[in-house]
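**Q** one predicted model, sequence on top.
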Amino acid sequence: MIGKCRLVTALILALVCVSMWGCSSWFDEDDHLSVNEKRTNGYLVAILDDSLAIVQNRRGWEIQDDYCGNVESCKGTMNPGIFLVNYRNKQEPLWGDTVEGRISIVEGYYRDSSTLFSTIDDEFGFWRIGEKPRVVRKWNCEAPCECNREKYGRPWVDGNVLLKLGWPRECPYAILDTATGIVNKLDFTGEYAWLDGCDDITYIDGEVVCLRQRGDRLCEIDFEKKDGAIDSLIKSEWMLFDPPEFYGNAVKMKASSFDKNDHAYDFGDRLALIGKNGFVFEDYPETWMKYNSFVDSTGSSISYSSEDLIVTK
């Protein structure tokens, strides 16, 4: 339950939305808009290191009239915030801020202390920790790619961004040229032919790397460079039916097990830090994620509720 909703008149909405993006293109003046007073709890954007992560939250909105009903285009989110938190030792956010407007934080991307976002006006930009969001320019998404659907971000070559797209199937990955705003499909040909079949791809310390599941029950995850696997995680007692994902400087693995004594049975997704040479478990305590909570080897968990995520700019 996100929280009690309040009906906002067009006049109040105009006052709320005085911001760098404005609201004129969002809603008609006669829209019956309901905005959640309470913000969502925090959920993961990216893991930074062995104790720090970026989480985000936002408010939901819904247009309530006879036309909309349950139409998805009549629902959405606004007023996002990002927060730098400690997932080992719960405390007040080390930094946090919110902005008005309808911008969407792109999960998984973290580079140069910045997250990636997109706007309702087909713009993209970066939000650096300690600063306000900075719009770069409009993007031009070339067919067959569609940029306004669900997507995840990864660092890429030459300061560009790799977008992992949920749709259409003809464009699973696309490269955002940050200098021009042009978004083109990443073709698995030529120098990138070896990436075909990878479960996730990113760019670390000057090198393209990928994750690839193997084994009868997909219980092996290979960490690959162009010349082949350089590291592997093999857990024969686990089932890893869902593909692993990069989240900033970590990998999230959706592990499960029939053994009730195995933490994969009910602890959630296993986390592992990464470097250009593979998985980093040394000096990294066992860490899991269950929904929006970080779980340690004892089953103790840390999460950040909407009340915990205070602005500290």
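**A** Done, it's in.
**Q** note down every partner strand of the helix or strand E107 falls within and its orientation.
**A** Assigned by DSSP states H and E, E107 falls within strand 103-111. Looking at strand 103-111 with DSSP bridges, its partner strands are strand 114-119 (antiparallel).
**Q** show residues contacting the partner strand.
**A** Here strand 114-119 makes contact (C-beta atoms under 8 Å, 6 or more residues apart in numbering) with 21, 45-46, 54, 56, 80, 82, 101-106, 109, 124-129, 133, 135, 139, 147-148, 153, 161. For the C-beta atoms, the positions are set from N, CA and C on the backbone; glycine is no exception.
**Q** could you report the pLDDT at D262?
**A** pLDDT for D262: 86.
**Q** ugh, wrong one, L48
**A** For L48, the pLDDT comes out at 96.
**Q** surely it meets L273?
**A** No: with contacts counted by C-beta atoms under 8 Å, L48 stays clear of L273, the gap being 9.7 Å.
**Q** tell me where the stretch 201-313 of the chain is predicted with low confidence.
**A** Judged by pLDDT under 70, the stretch 201-313 of the chain has its weakly predicted residues at 216-218, 236.
**Q** just list whatever residues bridge to M239.
**A** What pairs with M239, by the bridge criterion (DSSP bridges), is S256.
**Q** what is the burial count for it?
**A** 17 (other C-beta atoms under 10 Å).
**Q** isn't it right up against M253?
**A** No: M239 is beyond contact range of M253, at 11.0 Å (criterion: C-beta under 8 Å).
**Q** about what we covered before: distance from the strand holding E107 to the middle of the chain?
**A** Relative to the chain's own centre, strand 103-111 is displaced by 5 Å; criterion: C-alpha atoms, centre = their mean, to the nearest Å.
**Q** quick check: mean pLDDT across that strand?
**A** Rounded mean pLDDT across strand 103-111 is 94.
**Q** ok, and what's touching that strand?
**A** By C-beta under 8 Å, 6+ apart, strand 103-111 touches 21, 44-46, 48, 54, 56, 77, 80, 82, 115-120, 125, 127, 133, 151-155, 161, 163-164, 245-249.
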